[in-house]
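Asker: Predicted model follows, preceded by the sequence.
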Amino acid sequence: MKKYVVLCAGLCATLFLASCGSNKESAYRKAYEKAKAQEQTGNQENAEENTYTVTPVVTTPVTETRVVDNVDNVSVRQESVTLVSGSGLKDYSVIVGSFSLKANAESLQGRLVAAGYSAQIAYNADRNMYRVVASTFANKADAVRSRNDFRATYPDAWLLYAK
């Protein structure tokens, strides 16, 4: 008899809980549908409120200002080098490549000569490096201008003052 009472109580509890679950689900569904309806009406109102205005573009002429570099502030490395190949070095040289292997330096020199430059190779015995000289000048101002031109192709170009 006890088993029968417990079984009936369990069945009643199951029916009670099952009937409560559907109400919760329908409440969530109603809230979801209400939010969707508000969102749709909000989008329609926003679409009506968005009016675009065209404003004319006003252009002003650009004035070109030329910046003149102060040649005295340009950094120059000072090294003692010996000429390996080329016609001779002047006081200031534009270096576009530094290599520990002579073959690599000769390759870059060949490309520069093919491009129309009088490239040379100088050797720094202290650092055991071959420097590829793209151009050489007697004064610093000309060397700086040349270095700035070479930086379009060789961004790491730098100036050497030969001892």
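Answerer: Perfect, I can see it now.
Asker: next one: phi and psi at G86?
Answerer: phi 140, psi -180 (degrees, to the nearest 10).
Asker: So D156 belongs to a strand, correct?
Answerer: No - counting by DSSP: H, G, I helix; E, B strand; the rest coil, D156 is not part of a strand but coil.
Asker: Backbone dihedrals for the closest residue to it other than its chain neighbours, please?
Answerer: Spatially, and ignoring its direct neighbours in sequence, D156 is nearest to V96 (7.8 Å; C-beta to C-beta, 6 or more residues apart in numbering). Heads up, the C-betas are built off the backbone N, CA and C, glycines and all. When quoted as degrees, to the nearest 10, the phi and psi of V96 stand at phi -110, psi -10.
Asker: Pretty sure V96 sits against A157.
Answerer: Yes - applying C-beta atoms under 8 Å as the test, V96 and A157 come out as touching, 4.9 Å apart.
Asker: how about low-confidence regions in the protein?
Answerer: The model of the chain has pLDDT under 70 over residues 16-25, 42-52, 60-69.
Asker: now the helices for it?
Answerer: Per DSSP state H, the chain carries helices over the ranges 2-49, 102-114, 140-150.
Asker: one step back: looking at V96 and A157, which is more packed in?
Answerer: Comparing V96 with A157 by other C-beta atoms under 10 Å, the one with more neighbours is V96, at 25 against 19.
Asker: Neighbours of K102, how many?
Answerer: Using other C-beta under 10 Å: K102 sits among 13 other residues.
Asker: For the residue nearest to D156, give me its contacts.
Answerer: Residues near V96 by C-beta atoms under 8 Å, 6 or more residues apart in numbering: 108, 112, 132-134, 150, 153-154, 156-157.
Asker: before we move on, back to that, which neighbours do V96 and A157 have in common?
Answerer: Contacts common to V96 and A157, judged by C-beta under 8 Å, 6+ apart, are 134, 150.
Asker: hmm, back to that, among the helices of the chain, which is nearest L89?
Answerer: Checking these against L89 by C-beta to C-beta gives helix 140-150 as the closest, at 11.4 Å.
Asker: The closest one - contacts with which helices or strands?
Answerer: Applying 3 or more C-beta pairs under 8 Å, 6 or more residues apart in numbering; DSSP states H and E, we find helix 140-150 packed against strand 92-99, strand 129-137, strand 158-162.
Asker: Perfect, I'm done here.
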